[in-house]
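1. after the sequence you'll find the predicted model.
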Amino acid sequence: MFWQIIIELAGGFGLFLFGMQLMASGMQKAAGDRLRRILEVLTTKPIIAVLTGIIATVLVQSSSTTTVMLVGFVNAGLMTLHQAVGTIFGANIGTTVTAQIVSLNITQLAYPAVAVGAVLTFFGKRRTSRYIGQAVLGFGVLFLGMNIMSGSLVPLRENTSLLQLLQDFGRSPLLGVLAGAVFTAIIQSSSATTAIVIAMTNQGMLDLPAAIAIILGSNIGTCVTALLASIGTALSARRAAVAHLLFNMTGVFIALIFFRPYVSLITLTGGTVARQAANAHTFFNVFNTVIFLPLLKQFVAAITFLVPGEDVAVEMGPKYLDKRILLTPDVAIGSVRQECLRMANLGREMVTEAMQVFLRDDAKLMQHVLQKEELVDSLEKEITVYLAELSQHSLTKAQSKEVSALMHAVNDLERIGDHAQNLIQLAEQKMEERLPFSEQAIAELEDMYHTVDDMIAKAITAFERKDLLLASQVVDQDDVVDNLERVLRKSHIARINEKICFPPSGVIYLDIISNLERIADHATNFAQAVLGDF
């Protein structure tokens, strides 16, 4: 009997999770890339950020997923900490919608939903209708899982020892909070925890105080996902994850202080115990947001104090591109040149910081390089699209030639960023494996880096000033770097053969000089855009 209950409960829980994932996936696909754009754009004002968080979480059916996305946006510099925190407030409210749906006694709709969803999914002619069908199918599967879970728990109503333990969660709310937090941290879904709580209340196994205590704990446990996602990210991203935890923990602490009055307040909402448990979940997050939203600036300041450090934010997106000036090609080309200069300077900074990480084991700079790589990739796409649109206008022969040169230049600048990222990965491997490098090897790498950096600097100046002489010097200097790479490679292989050098370190050394040589090639190509030789 016991194992049958466990198997049925686990099967129902699995169906519930699968249905929730299916519904979320369908809604996300139906929304398309609009969800990301909503999160990136509609978070400028606190109240708008809250509403955006609610909408996004209703779509993805998981506050953890929304918060992980927010951590990613903050890490990429697409969103400030202030914007992310407001959106997290909304995400906590949005995740309670699942509990409200589950608490409705509409399991009779499960089979029709599965039928309708399956028809739309497999026979829908339009992609959007198939995605909507997937969401409806997930909705039906979710309720089938709930029905199976509720049915599997019926025999346990006769187990007085278990019932006594569960009721202790109501008499000792802290115990219930702990149980809810641990369970949710393991399954990483507060919605799933709430669903099980509602299934147990439907069978009379949990009273309202015990249900509320466990649900409060689930709000703490759900923070684990974002905390794990923030490991190794930028300072602001880690602060966003900590903000989620502190926001929920503070709310739970306040709720525990006023636990009995809170339970009494929830009973006034009426309905079944399951409905009241769902209401408690919603009211808790709404009350928490109402308390914290007016104090958003102070809350962000507190997070900044608790997670100290200097945060270097990278301003994302193009600064100079404006589609309104496409009708004046000379001005538009000038704006592209400005954006290319910005991109070139970012590339040079990335190479410098990547080599500092490698030569000085300065791990703090790693995240700076990765953030700038995101920006460089983004700029390459934006500039290329802008130039493609510009080329559709009436251009002179000289303008067409310059547009073509800029197309090539942008591609080379993006490749410099890629090689800087390669250098970061090699530096990370060196530090993780604690690979030794001789003073001679470090000195050789430093010398080659300075030569390459000088080439990049000259190429940038030549591009900015349209200096043909300086651009020619960069092209000539490329031969010097090529020869230096060959000499260093040959001498280093000799050291490896003579067992002077540790072989794994030798492999990384060769990869470093190879990447530096390729960076020099792309800097040369960038200079050739000035000469018109591409």
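-> Structure's in. What do you need? Residues are numbered from 1 along each chain as shown.

2. C-alpha only now, for contacts and for neighbours.
-> Will do.

3. Ala56 reaches Met69, doesn't it?
-> No - using C-alpha atoms under 8 Å, Ala56 makes no contact with Met69, being 10.2 Å away.

4. off-centre distance for stretch 261-272?
-> Taking the mean of its C-alpha atoms, stretch 261-272 sits 38 Å from the chain's own mean (C-alpha atoms, centre = their mean, to the nearest Å).

5. stretch 371-387 too?
-> 19 Å.

6. quick check: mean pLDDT of it?
-> Across stretch 371-387, pLDDT averages out at 87.

7. in that stretch, what's buried?
-> 371-377, 379-380, 382-384, 386-387 (16 or more other C-alpha atoms under 10 Å).

8. quick check: phi and psi at Val307.
-> Per-residue torsions, Val307: phi -120, psi 80 (degrees, to the nearest 10).

9. helix, strand or coil: sort out Asp3 for me.
-> Actually, residue 3 is Trp. It isn't Asp. Three-state assignment for Trp3 (DSSP: H, G, I helix; E, B strand; the rest coil): helix.

10. contact partners for it?
-> By C-alpha atoms under 8 Å, 6 or more residues apart in numbering, Trp3 lies in contact with nothing.

11. so which of the buried residues of stretch 371-387 is the closest to Ile333?
-> Sorting the buried residues of stretch 371-387 by how near they are to Ile333, with C-alpha to C-alpha, puts Leu387 at the top with 8.3 Å.

12. my guess is the closest one contacts Met407, does it?
-> Yes - with contact defined as C-alpha under 8 Å, Leu387 counts as touching Met407 (7.2 Å).

13. any low-confidence regions in the stretch 351-500 of the chain?
-> 363 (pLDDT under 70).

14. any low-confidence regions in the stretch 101-250 of the chain?
-> Looking at the stretch 101-250 of the chain by pLDDT under 70, you get 102, 104-108, 146-147, 149-170, 232-234.

15. now the helices for it?
-> Using DSSP state H, counting those that start in this stretch, the helices assigned to the stretch 101-250 of the chain run over residues 110-123, 127-152, 160-171, 173-187, 190-202, 208-221, 223-229, 235-257.

16. which other helices and strands does the helix ranked longest in the chain contact?
-> Ranked by residue count, the top helix of the chain under DSSP state H comes out as helix 397-432. Counting contacts by 3 or more C-alpha pairs under 8 Å, 6 or more residues apart in numbering; DSSP states H and E, helix 397-432 is packed against helix 329-360, helix 366-391, helix 503-531.

17. kindly recompute the last result at 6 Å.
-> With contacts taken as 3 or more C-alpha pairs under 6 Å, 6 or more residues apart in numbering; DSSP states H and E, helix 397-432 sits against helix 329-360, helix 503-531.

18. now do the longest one against helix 503-531, angle only.
-> Relative orientation of helix 329-360 versus helix 503-531 (axes from the mean of the first three to the mean of the last three C-alpha atoms, to 10 degrees): 160 degrees.

19. start to end distance for stretch 457-473?
-> 12 Å (C-alpha to C-alpha, to the nearest Å).

20. what are the phi and psi values for Gly204?
-> phi 70, psi 20.

21. buried stuff in stretch 423-436?
-> Buried, per 16+ other C-alpha under 10 Å, within stretch 423-436: Leu423, Ile424, Leu426, Ala427, Glu428, Lys430, Met431.

22. from Ile513, how far out is the fifth one?
-> Read it as Glu428. Distance, Glu428 to Ile513, using C-alpha to C-alpha: 16 Å.
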